[in-house]
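Novice: pasting the sequence and the predicted model now:
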Amino acid sequence: MAMRQDIIAEIEANRDFYIAFLQRFIRAASPNPPGNTTEAAQVISTYLSQQNVAYQIIAPLDHAPNVVADFKGDKGPGQRIILNGHIDTYPVEKPSDWERGPYSGHNDGTMIHGRGGVDMKAGTAASVIAFTLLQKRAESIKGSVALTAVSDEETGGRYGTRYLLENFGDPSPWLGDCMLNGEPGGIESIRFGEKGTLRITFTIKTEGNNGAYTFISRGANVIAAQLITQLLNIEEIEPELPDELRRHFASERARKVADEIMGNGASDALLKPTVNIGVIHGGVKVNTIPQECVFEADIRLPIGLVAKTILAKIDQYLQGFPEASYIVQGAASNPANYCTKDHPFVDCMTKCAEEVTGIIPVMLTGLGGTDCKFYRYRGIPTYVYGPSPRGMGASGEAVSIEEFLALIKTHTLAVWDYLGEADS
């Protein structure tokens, strides 16, 4: 256990150093769109160089590099763990709403402020730090560890995680046997799956006219509103959830923790489809009847519900709306995904999380999509342990310092217990 205690002592001794790294990472703005992550990637590269860690830049797009590194343990072949996190963030809608600016990295003693702190620079920084701590102790590790700090997550992952998994052989060296990610899931949970997405562009075309002539045409906007009301009925469709998962999600503790982490109602939303109309455009002047209205729907699919079922229902609805047509946004639509929640690595994560935080995390799935899906689609057990999602993407986004440090400890110790001293 001496080596394990040495890891804990090193993390505690370097608390301020790790916090300063996260601050620099946040200050290196990387909103996507436009997706330029060069400055933020350089912060990671510099940190790895300071820790004498060899890394590689893989950049299918010059402005969106991926920083990767890996090492083999000296104890021989074994499991390969991937530490994955993304560099890009949501854009900032209104910089004036931020008290200190959206990229201040300000440390108020409790929180580090700035866009991306929650989603997911704290988690990615924790993985980078964990990787360096583990590589220092490669002589006691059986198996290997890889780090993939990627770009393009916020716009689909084509040039980030997907690129790494699809363009470096079969299997890719960046696939591994198990993946750990620090997306904002809350330290009270370990995520083992997530809802899918179905994104659709609807177009309504009808006769235009003067606004007084509604007896000739109701107009595209009114018809769009009627169709949207009909689309909300999708939320009543029941998924074909496996009985084991249905019982798990119905448990009092799982429901309680889901609502505490994600907000009241989250426990219900995990098990049903949801419909959001994120964008709508129609009309050019208040006193005219619009000829065209275009709106985009974001439908989230729970485990046990596939896009084919939803599209069949939409086709039924459109029989009553001859003015309407739709196109599925294929690149932004992905099935729900999950992996086993009973895995030896989960046991390590759970024990380490309890040791570090005093909280036994509950196994949950997420509401939003992440790069984790690309691993789960390939059958790789993939888990998320990250900070609270509160405030992600909002003005004033800030991440807890204590949660950030807890991630460093938990990520490092979980991999160490899985590959290192526990196997010696």
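Specialist: Perfect, I can see it now. Since the structure is predicted, the reported quantities are computational estimates derived from the model, not experimental observations.

Novice: show me the contacts for Val118.
Specialist: Applying C-beta atoms under 8 Å, 6 or more residues apart in numbering, one finds that Val118 lies in contact with 184, 387-392, 397-399. Any C-beta I mention is one placed from the backbone N, CA and C, and that applies to glycine too.

Novice: Lys313 is in contact with Glu236, isn't it?
Specialist: No - using C-beta atoms under 8 Å, Lys313 makes no contact with Glu236, being 10.0 Å away.

Novice: for these two, indicate the residue with more neighbours.
Specialist: Higher neighbour count among Lys313 and Glu236: Lys313, with 17 against 9, using other C-beta atoms under 10 Å.

Novice: the one helix or strand the more buried one maps to packs against which elements?
Specialist: For Lys313, the element it lies in under DSSP states H and E is helix 307-318. When contacts are defined as 3 or more C-beta pairs under 8 Å, 6 or more residues apart in numbering; DSSP states H and E, helix 307-318 packs onto strand 196-205, helix 220-231, strand 292-301, strand 324-328.

Novice: and those: which comes nearest Asp108?
Specialist: Across those, Asp108 has its closest neighbour in strand 292-301 (33.9 Å, C-beta to C-beta).

Novice: give me the angle between that closest one and strand 324-328.
Specialist: Angle of strand 292-301 versus strand 324-328, following axes from the mean of the first three to the mean of the last three C-alpha atoms, to 10 degrees, is 50 degrees.

Novice: quick one: strand 292-301 to strand 196-205, angle?
Specialist: Using the same axes, to 10 degrees: strand 292-301 against strand 196-205 is 160 degrees.

Novice: same for strand 292-301, what does it pack against?
Specialist: strand 196-205, helix 220-231, strand 274-282, helix 307-318.

Novice: between these, which one is nearest to Phe25?
Specialist: strand 196-205 (27.3 Å).

Novice: now do the closest one: distance to the chain's middle.
Specialist: Strand 196-205 sits 22 Å away from the centroid of its parent chain (C-alpha atoms, centre = their mean, to the nearest Å).

Novice: the following helix or strand past it pairs with which strands, and in what direction?
Specialist: Next along the chain after strand 196-205, taking DSSP H and E as the criterion, comes strand 209-210. Here strand 209-210 is paired, per DSSP bridges, with strand 288-289 (antiparallel).

Novice: export the helices and strands packed on helix 307-318 to TSV and tack on mean neighbour count and distance to Ala353?
Specialist: What follows is the helices and strands packed on helix 307-318, written out as TSV (neighbours: other C-beta atoms under 10 Å; distance: least, C-beta to C-beta, whole Å):
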stretch	mean neighbour count	distance to Ala353
strand 196-205	20	27
helix 220-231	19	39
strand 292-301	21	27
strand 324-328	15	39
